[in-house]
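Engineer: Below is the sequence, then the predicted model.
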Amino acid sequence: MATEPIPVGQKTGTGSDTYLARALVDARLATAEEVQACINKQQKLAAAGTPMQLSEVLVRTGVVTASQLKRIANPADDSMSQSLQQIPGFQIMQKIGSGAMASVYKAKQLSLDRIVAVKILPKRLSEDPEFVKRFIAEGRAAAKLNHNNIVQAIDVGEYAGYHYFVMEFVDGRTVYDEMAKQRVYEEKAALDIIIQIAKALQHSHERGFIHRDVKPKNIMLTKDGTAKLADMGLARQANDAAAAEAEKGRAFGTPYYISPEQVRGVPDVDFRADIYSLGATLYHMVTGKVPFEGASPAAIMQKHLKEPLIPPDHLNPRLSTGLAEVVERMMAKDRNKRYASTSDLLTDLERIARGEAPLQAREGFDDKLLENLTTGDEAAEGVGSGYAQNMPGAGKSGVNAGLVAAAIVEGVLIIILLVVLIMK
Ligand SMILES: Nc1ncnc2c1ncn2[C@@H]1O[C@H](COP(=O)(O)OP(=O)(O)OP(=O)(O)O)[C@@H](O)[C@H]1O
Ligand SMILES: [Mg+2]
């Protein structure tokens, strides 16, 4: 997942260039700057009357190799596409997307004459019997969940050595797609989506399901404004942190939203991991920045463990105090300091959406965060409204400025009085 919305594609025009540029940066095969430099070059070439495909410029300048490009353009290998055409009971129509782990196809389920989405896992996962067991068990169990804000899991199966996951087809975009268009969400719009996803999580948490991979790419938005959590019931690899690190350099979603306990690899990851990831997602939506950046998955994961969070309203002063408080509670590093249940979280999210103060967010803050704010964090200054001003000590500079201003006014009044007296 890209750190910043990537400012590419608009000028060059073609949608496939935009897609390619994003995919390369996501896969960490190139930096946004390298891709932008190639786009600039492409524009110069076009102006000079020698137009060239972006892919060609990228290869000629040595930013990526031809085989890397091929893999990015079509992560599913050819034998996979061939086999897919024949999954019994389905007519594969077209590829609709691909992530780090799999490709997703639009298909017709012949028995019910309906459109579905089929996610095909790569063979290497199908070769791991432990994974396949979980894949089938979790997929079947998730198919029993039913909620308007969850992308419905329908079935799991295996064909020609590939495991596939059949789900509801969602005609829409992901939150990630929206943010890639350089969109920073307004608080209200972000809350509307996050509340729907919190409802999806509440439903699944109450039934014992933990998602483990809540992130902008897994939130789909339909045209009528419904948000749906995707990949519920899709088995993850056993150890999230190890999986992220092992996939380094490949198209693994960089762990921008992973909870500290998943980084630590605790065996009993619970609903609070989803609350953390949902908080990180909300943070990104309203600030335009991921909570922690780093040059490698390991560096980012380390920050989830240790680095204090920059409060979201330091990055976007328009945010309400309540929202900042709720996000910080969701993203407490110690899961005991997060919300004690997803219903409690939902209550607070709904309160702040109505403009009311959150009930719980003020309890159990990370003391280090408070210290950080009170030690004159530069970002706190110049914040016109919101969290910083309400924190103990954070307004110190404001108090000092107020005293100085009062003294000046007083001085001016005395001088005026003296002048008036002298004139008399
Ligand atoms: N049920 C669905 N209906 C329609 N489109 C879908 C559906 N599920 C996934 N997609 C599309 O396919 C793309 C790939 O999904 P996939 O879950 O494989 O990867 P991802 O979640 O985007 O990223 P990552 O692999 O990094 O987790 C999504 O970004 C989305 O655009
Ligand atoms: Mg997904």
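Structural biologist: Nice, I can see it. Ligands and ions are numbered 1, 2, ... in the order given.
Engineer: Quick check: Phe292 vs ligand 1, distance?
Structural biologist: Distance, Phe292 to ligand 1, using Cβ to the nearest ligand atom, to the nearest Å: 17 Å. For the C-beta atoms, the positions are set from N, CA and C on the backbone; glycine is no exception.
Engineer: for that residue, helix, strand, or coil?
Structural biologist: Judged by DSSP: H, G, I helix; E, B strand; the rest coil, the three-state class of Phe292 is coil.
Engineer: Number the chain from 788, please
Structural biologist: New numbering, starting at 788: the last item is Phe1079.
Engineer: what's the closest non-adjacent residue to it?
Structural biologist: Lys1090 (3.7 Å; Cβ to Cβ, 6 or more residues apart in numbering).
Engineer: what does Leu1021 give?
Structural biologist: Nearest to Leu1021 is Phe952, by Cβ to Cβ, 6+ apart, at 5.9 Å.
Engineer: quick one: the one you found and Ala940 touch, right?
Structural biologist: Yes: Phe952 lies in contact with Ala940 (Cβ atoms under 8 Å); the separation is 7.1 Å.
Engineer: State which strand of this structure is the longest.
Structural biologist: strand 877-885 (DSSP state E).
Engineer: Listing partners with orientation, what would you give for that strand?
Structural biologist: strand 890-896 (antiparallel) (DSSP bridges).
Engineer: Which secondary structure state does Ala904 sit in?
Structural biologist: Criterion first, three-state DSSP; result for Ala904: strand.
Engineer: okay, now the residue lying closest to it once chain neighbours are set aside: neighbour count?
Structural biologist: Excluding the flanking residues, the one nearest Ala904 by Cβ to Cβ, 6+ apart is Phe956, at 4.4 Å. Phe956 has 22 neighbours, counted by other Cβ atoms under 10 Å.
Engineer: How about the contacts made by Phe956?
Structural biologist: 893, 902-904 (Cβ atoms under 8 Å, 6 or more residues apart in numbering).
Engineer: Same check on Ala817?
Structural biologist: Contacts of Ala817 (Cβ under 8 Å, 6+ apart): 811, 845, 850-851.
Engineer: What residues does the stretch 988-1137 of the chain have near ligand 2?
Structural biologist: Neighbours of ligand 2 within the stretch 988-1137 of the chain, by Cβ under 5 Å from the ion: 1005, 1017-1018.
Engineer: ok, and of those, which contact ligand 1?
Structural biologist: Filtering those for proximity to ligand 1 by Cβ under 6 Å from any ligand atom leaves 1005, 1017-1018.
Engineer: Dump those into a markdown table; add neighbour count as well.
Structural biologist: Converted to a markdown table, these look like this (neighbours: other Cβ atoms under 10 Å):
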| residue | neighbour count |
| --- | --- |
| Asn1005 | 24 |
| Ala1017 | 25 |
| Asp1018 | 25 |
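Engineer: which one of these sits closest to Phe918?
Structural biologist: Asp1018 (15.1 Å; Cβ to Cβ).
Engineer: List the contacts of the nearest residue to that closest one once chain neighbours are set aside.
Structural biologist: Nearest residue to Asp1018 in three dimensions, chain neighbours excluded: Asn1005, at 5.1 Å (Cβ to Cβ, 6+ apart). By Cβ under 8 Å, 6+ apart, Asn1005 lies in contact with 961, 998, 1016-1018.
Engineer: hang on, the earlier thing: give me the common contacts of Phe952 and Ala940.
Structural biologist: In contact with both Phe952 and Ala940: 926, 1020-1021, using Cβ under 8 Å, 6+ apart.
Engineer: In helices only, show me those.
Structural biologist: Counting by DSSP state H, the part of the shared contacts of Phe952 and Ala940 found in helices is Gly926.
Engineer: Look up how far ligand 1 lies from the residue lying closest to Lys1093 once chain neighbours are set aside.
Structural biologist: In this structure, Lys1093 finds its nearest non-sequential neighbour in Lys1120, 8.0 Å apart by Cβ to Cβ, 6+ apart. Separation of Lys1120 from ligand 1 (Cβ to the nearest ligand atom): 23 Å.
Engineer: just checking, Lys1120 touches Val1050?
Structural biologist: No: the criterion here is Cβ under 8 Å, and Lys1120 misses it with Val1050 at 10.1 Å.
Engineer: Name the helix or strand of this structure that has the lowest mean pLDDT.
Structural biologist: When each helix and strand of the chain is scored by mean pLDDT, DSSP states H and E, helix 1174-1177 comes last, with a mean of 27.
Engineer: so how far is Arg1125 from the closest residue to ligand 1 within the chain?
Structural biologist: Relative to ligand 1, the nearest point of the chain is Gly886 (2.0 Å; Cβ to the nearest ligand atom). According to Cβ to Cβ, to the nearest Å, Gly886 and Arg1125 sit 27 Å apart.
Engineer: now Ile981
Structural biologist: 15 Å.
Engineer: Neighbour count for these two, which is higher?
Structural biologist: Ile981 (28 against 24).
Engineer: Helix or strand for that one, just tell me which one.
Structural biologist: Ile981 is located in helix 974-993, with elements delineated by DSSP states H and E.
Engineer: other SSEs contacting that helix?
Structural biologist: strand 1006-1009, strand 1014-1016, helix 1058-1074, helix 1129-1140 (3 or more Cβ pairs under 8 Å, 6 or more residues apart in numbering; DSSP states H and E).
Engineer: Can I get those in a markdown table including mean pLDDT and mean neighbour count?
Structural biologist: Rendered in a markdown table, the data for the helices and strands packed on helix 974-993 read as follows (pLDDT from 0 to 100; neighbours: other Cβ atoms under 10 Å):
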| stretch | mean pLDDT | mean neighbour count |
| --- | --- | --- |
| strand 1006-1009 | 97 | 20 |
| strand 1014-1016 | 98 | 23 |
| helix 1058-1074 | 97 | 26 |
| helix 1129-1140 | 98 | 20 |
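Engineer: Pipe these into a markdown table and attach distance to ligand 1 per row.
Structural biologist: Formatted as a markdown table, those follow (distance: least, Cβ to the nearest ligand atom, whole Å):
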| stretch | distance to ligand 1 |
| --- | --- |
| strand 1006-1009 | 6 |
| strand 1014-1016 | 8 |
| helix 1058-1074 | 12 |
| helix 1129-1140 | 21 |
